[in-house]
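**Student:** Build the 3D model from these lines:
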Amino acid sequence: MVMSVCDPVLMIVAHGTRRTGAVPGGMFSAHLQRQLPHFDIRLSFLRSTPSAGNVLKVMTRNSASDVLVFPLFFTPGAGLVAELSALVADARLEAEALLPFAGHLSGYDRMLAARIAQRLKAGGNQKDKKAIFLVAHGQKQDICPSPEMQQLRAILSHHLDHDEIYNVQIDGQPSLANWRNMTRCRNALFVPLMTGDGAHCRIDIPASVNSRSDEKVGMLAPVGTWWELSSLLADHVNCGRHHRRSSFQPSQSARTEFGADHVTP
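**Tutor:** Numbering: from 1, shown residues only. From the prediction side, this is the model:
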């Protein structure tokens, strides 16, 4: 099947999943297409299909000359940076075609702080009685959070004037399953630094948290589904492009159609 491509193109690269029924980055892609209607938005993956390499090849065959690549990752390691840089180089794109990772977008930390503060306020603003956990995927060999995650925790603690903020991981240490060992507080809020509302957020995180009857446990929507994140990227793209037709203004629909925060049962 021939895939038509229209310049300019913005290709989102997510990790992907082997689990059926999940499309990591799908909601983010939909938000972004509304906010950048003059772009041909494409979603691709590193570990599932359509693969980022194949999508880039299709673009090359269709003579796409104005291509941007956005890595939808929040805590990229050196290996991931090298892999994506190689993909861009193999497609004969300029190095500048590789946009900042999601976790490196300007305003990312303040975006997180604003949503967390909103949730704390909705709960009575008793921030001294609520522990906040930043949930990253991690890797099984991790013995501690990455320096980047530790820095993010410190920045959010400063923004929110809140000491009880912790890094936890689904794989690796400190383990999400051991969150009770990190705080005496049984009123907890979990922030999934995940691309979409897939099995990790619907099954794995609630199972690891394993909330009890004497605990009040809440979980924000996965960060990759927030309209605010697509707004940060749209701002970055529009500010850096000389051919834009109009300045970005987030639509009202983009302000309301995001994954709902919820409380675990």
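**Student:** quick one, strands of the stretch 151-265 of the chain?
**Tutor:** 165-169, 187-192, 216-219, 262-263 (DSSP state E, counting those that start in this stretch).
**Student:** For Val58, find the nearest of those.
**Tutor:** Among these, the nearest to Val58 by CB to CB is strand 187-192 (31.6 Å). Using the backbone N, CA and C atoms, a C-beta is placed for each residue, glycine as well.
**Student:** what's in contact with that closest one?
**Tutor:** Identification of contacts with strand 187-192 by CB atoms under 8 Å, 6 or more residues apart in numbering yields 112, 116, 119-120, 126, 129-135, 176, 179, 200-201, 205, 209, 215-223.
**Student:** List only buried entries from these.
**Tutor:** Buried members of those, counted by 16 or more other CB atoms under 10 Å: 112, 116, 119-120, 130-135, 176, 179, 200-201, 205, 209, 217-223.
**Student:** Let's see which of these end up in helices.
**Tutor:** Using DSSP state H, the members of the buried ones among the contacts of strand 187-192 that fall within helices are Leu112, Ile116, Arg119, Leu120, Ile205, Val209.
**Student:** which residue sits closest to the residue at minimal distance from the centre of the chain, ignoring its sequence neighbours?
**Tutor:** For the chain, the residue nearest the mean C-alpha position is Gly224 (3.5 Å; CA atoms, centre = their mean). Spatial nearest neighbour of Gly224, chain neighbours left out: Thr195 (3.8 Å); criterion: CB to CB, 6 or more residues apart in numbering.
**Student:** okay, now that neighbour: neighbour count?
**Tutor:** 30 (other CB atoms under 10 Å).
**Student:** Distance of it relative to Arg47?
**Tutor:** 12 Å (CB to CB, to the nearest Å).
**Student:** List just the nearest of the ones in helices among the buried ones among the contacts of strand 187-192 to His38.
**Tutor:** Lowest distance from His38 to those (CB to CB) belongs to Leu112, with 28.5 Å.
**Student:** show me the contacts for the closest one.
**Tutor:** Applying CB under 8 Å, 6+ apart to Leu112 gives the contacts Leu152, Leu156, Val191, Val223.
**Student:** With Ile155 instead?
**Tutor:** For Ile155, the contacting residues are Asp109, by CB under 8 Å, 6+ apart.
**Student:** residue ranges with poor pLDDT in this structure?
**Tutor:** By pLDDT under 70, the weakly predicted segments of the chain are 1-6, 17-23, 64, 123-128, 241-265.
**Student:** can you list the domain ranges for it.
**Tutor:** Following automatic domain parsing, one gets these domains for the chain: 9-104+229-260, 108-224.
**Student:** Can you measure across the shortest one, start residue to end residue?
**Tutor:** Across its full length, domain 108-224 reaches 12 Å between end residues, using CA to CA, to the nearest Å.
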